[in-house]
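>>> Could you work out the structure for the sequence below:
(2 chains)
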Number of protein chains: 2
Amino acid sequence: MIRRSEGAGAEPPGRFDPVRIALAGLLRCHEPPIPESLARLVNGLGPVDAWSAIAHGTAPADVSTPIAPRLAGLDPAELNRRAIDDLHRARAAGAELIGPDDQDWPADTFAGLASLVPYDGCRTAAPPLALYRRGGRWPTDAGRAVSVVGSRSATAYGQRVATELGAGLATEGFTVVSGAAFGVDVAAHRGALYAGDQPGAPLPAGGVTVAVLACGIDRSYPVAHRALLDAAAACGSVVSEYPPGAVPARHRFLVRNRLIAALAAATVVVEAGRRSGSLNTATSAGSLGRQVLAVPGPVGSAMSVGCHDLIRDRRAELVTGARDVIGLVGPLRPAEPVHRPGDRATDGLDLVTSRVHEALPARGGAAVDEVAAEAGLPVPDVLGALAELEMRDLAARSGGTWRRSGASPDPACRA
Amino acid sequence: MIRRSEGAGAEPPGRFDPVRIALAGLLRCHEPPIPESLARLVNGLGPVDAWSAIAHGTAPADVSTPIAPRLAGLDPAELNRRAIDDLHRARAAGAELIGPDDQDWPADTFAGLASLVPYDGCRTAAPPLALYRRGGRWPTDAGRAVSVVGSRSATAYGQRVATELGAGLATEGFTVVSGAAFGVDVAAHRGALYAGDQPGAPLPAGGVTVAVLACGIDRSYPVAHRALLDAAAACGSVVSEYPPGAVPARHRFLVRNRLIAALAAATVVVEAGRRSGSLNTATSAGSLGRQVLAVPGPVGSAMSVGCHDLIRDRRAELVTGARDVIGLVGPLRPAEPVHRPGDRATDGLDLVTSRVHEALPARGGAAVDEVAAEAGLPVPDVLGALAELEMRDLAARSGGTWRRSGASPDPACRA
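Below is the predicted model:
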């Protein structure tokens, strides 16, 4: 039983390890969310043996029956070929397949999904077996992320609020999760991506945002958001539990929504009509024990009806902006250090240290009190931060002055 | 001890009964709210003997000390003369003085005020000893009234919402209570007064609204609202616990607010800045066990900050319009019949009977099914309503047809 892969991206080009091939094959077996029987088999045997049993037709009936339609008439070699094809297509799109054995798989984050009550005709809302992912930054700890969702046909007001929320949350170090759709979603992603451009923002330009797709990772949906998705992948990530090529479909949006809810400590609904899909995300968040928050709006606006219903029925707390959200979610917990290829050297710095790093001149040098003035922080805090930066090789001392060394903001973090 | 007056308006012109003179005198003794000692004396002796003791300087020290500044150097005759002057001035302004012995004094409504926790430096928030009132319709039962309050500098949005709330509540038979100020107050009053003009409204034109002043009943404050106050008096009432001539002052608005809160089952805050006086009304309503409701608005609007704070802190329920308010306040309870000089014959009709009365032709006649079609009601309901109207002499039968007899809507109910 092979359970541990060598880490995403470690395979030589054109070859994939058996775990990844098995996971790609398993993702093809059933429309997510998968039946409980399949989840049990994979948990019991591990993905490689589970996939082998399925491909060779030796899986128990309660597993093989629900997945039969997708496998009919395909021999093991053909099934493997298709799984490897998916991995190639994902790689061509700049994505990798990550699963529970990978270091930054958020097992705790997804654990709650197993007990999520069925909804919308889904028999189970099991955790995804694996996810295709473009980009490396995503919330391994839901406490460091906030989902911002809402209507595709958001008003100018809703778009403005979503942008400000995305920017405000990203500025304070939270990952902003959403669904890349028109309206509220794209505004929230953009707000996060542009967060660092705000005057006085303490973090390097470009906040972290995660887009969860309801189609294959190789598709840009909606097409108009291709550049946004590229920027999200550069500064955060784009993820999907669907095989490459999968087309967006209404039921996929609803199923996808549970992942948006699970990935974050709170889901904020910015604008929602009475029947908006974002209310489904809010319901999932509530069922998962995550906080459900809603932004009020003008009472005459049909786009605020869903939010007002949530607040009135005490299914959501009222929030008016990022400050309210952070007040409810609690201060940012320190990140668990996850070292991945492509990580920036400045990742994992706390807010104060980041601010000091940003305040350092790239050339020449600045005295401690000049750095303190630039960062707007007291000298003792600056001294502590400089010590850490020096230790991490991100600041260099020369005589009585300091300058920056190491990573710079990523210019690709723009949508 | 004389406790019962012969009823407001029953005195011959130029003469006032001793109870009313005593109440007018007592209202002059202390800035409202009155000290507990004074309230106890009046409750114990009745207003006439209490006033006599005060005027003759025989009241106990705990009563006479706090009221001494207002009485200094005035003999009993002069004190009586001033009280009678007040009654004359009120009468000249079209107002009467009503007190706890009058038939429609809302004793239950005001009872809670005695236990209202002190606020804003007031030692006590005792019920008013009496009130000057222009116009006869007001909520003898708080369950039939809703207060609508908010910022003087309301936005166009707030004014629109307040107008719609006033109209919606009045259309459903609720009395709309407010403070006649600029902004939300006047919009709510106007909405109520124009309620009957809305297409499909079931009640005769002109809802009932009550304006509670923070100055003498003989003053129109603000001056721009003179016509509004006249209309409120014609269709509802204008009330004040201050002697005629009293000028509006900041502390009077705060003290007055407790009456706005007490007179209604619920207080709706439409728009409020963070330090709006309407939040003080909301606090009083909450302390009195009345419902506190708030209307959300755009999160960027400073005029909605107070409302959002109330909702977020669970000090108010979110409401988006009259329907929400009525859903929380509960359906209108049947009015206790209060017969006063000047009441309209159609007062006290239930909604269905009012609607049938309105549907009757003033001249000629209409068959029952024509009346039913006009009223938009089923024939059996119409037959029941016609029987009641006939009994009250508000409908006349002739052969197989019906026509209206009796009162018509009051054309003065317009601001």
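
>>> Pull out the buried residues from stretch A:232-249.
Counting neighbours by 16 or more other CB atoms under 10 Å in any protein chain shown, one finds that the buried residues in stretch A:232-249 are A:232-244, A:246, A:248. From N, CA and C alone the C-beta is placed, and that goes for glycine too.

>>> farthest pair in those residues?
The two members of these with the most space between them (CB to CB) are A:C235 and A:P243, at 25.3 Å.

>>> In the stretch 101-250 of chain A, what residue spans correspond to strands?
A:131-134, A:145-149, A:175-178, A:209-212, A:237-240 (DSSP state E, counting those that start in this stretch).

>>> Indicate which one of these is closest to chain B.
strand A:145-149 (13.6 Å; CB to the nearest CB).

>>> Neighbouring strands - and their directions - for the closest one?
Note on strand A:145-149: by DSSP bridges, its sheet partners are strand A:175-178 (parallel), strand A:266-269 (parallel).

>>> Redo these as CSV? Include mean pLDDT.
Formatted as CSV, those follow (pLDDT from 0 to 100):
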stretch, mean pLDDT
strand A:175-178, 97
strand A:266-269, 98
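
>>> Turn the strands of the stretch 101-250 of chain A into JSON lines, columns for distance to A:L41.
As requested, those are exported to JSON lines (distance: least, CB to CB, whole Å):
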{"stretch": "strand A:131-134", "distance to A:L41": "19"}
{"stretch": "strand A:145-149", "distance to A:L41": "30"}
{"stretch": "strand A:175-178", "distance to A:L41": "30"}
{"stretch": "strand A:209-212", "distance to A:L41": "25"}
{"stretch": "strand A:237-240", "distance to A:L41": "23"}
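
>>> What's opposite A:V210 in the beta bridge?
Going by DSSP bridges, A:V210 forms beta bridges with A:V177, A:S237.

>>> Give me the secondary structure label for the closest residue to chain B within the stretch 251-400 of chain A.
Per CB to the nearest CB, A:P296 is where the stretch 251-400 of chain A lies closest to chain B, at 3.2 Å. Recorded secondary structure, A:P296: coil (DSSP: H, G, I helix; E, B strand; the rest coil).

>>> What count of nearby residues applies to the closest residue to it other than its chain neighbours?
Once flanking residues are discounted, A:P296 sits nearest to B:P296: 3.2 Å by CB to CB, 6 or more residues apart in numbering or on different chains. Using other CB atoms under 10 Å in any protein chain shown, B:P296 has 28 neighbouring residues.

>>> From B:A188, how far off is B:P296?
Distance from B:P296 to B:A188, counting by CB to CB, to the nearest Å: 17 Å.

>>> any weak-confidence spans in the stretch 151-300 of chain A?
A:196-205 (pLDDT under 70).

>>> how about the residues of it near chain B?
A:157, A:160-161, A:295-300 (CB under 8 Å from any CB of the partner chain).

>>> from those, which would you call buried?
By 16+ other CB under 10 Å, these give A:157, A:160-161, A:295-299 as buried.

>>> What is the most widely separated pair among those?
Among those, A:R160 and A:V299 lie farthest apart (CB to CB), at 18.0 Å.

>>> Give me the contacts around stretch A:212-221.
A:89-90, A:92-93, A:95, A:132-134, A:177-180, A:226, A:229, A:238-240, A:242-249, A:252-253, A:255-256, A:259-260, A:263 (CB atoms under 8 Å, 6 or more residues apart in numbering or on different chains).

>>> Send me that stretch as CSV with only the CA atoms.
What follows is stretch A:212-221, C-alpha atoms only, in CSV (Å, rounded to 0.1, in the frame of the first residue of the first chain):
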residue,chain,number,x,y,z
VAL,A,212,-12.5,27.5,-6.2
LEU,A,213,-13.8,26.4,-9.6
ALA,A,214,-16.9,24.4,-10.5
CYS,A,215,-15.2,23.1,-13.7
GLY,A,216,-11.9,21.7,-14.8
ILE,A,217,-8.7,23.4,-13.6
ASP,A,218,-7.8,23.9,-17.3
ARG,A,219,-10.8,26.0,-18.0
SER,A,220,-11.2,29.7,-17.4
TYR,A,221,-14.7,30.2,-16.3
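
>>> Fine by me, thanks again.
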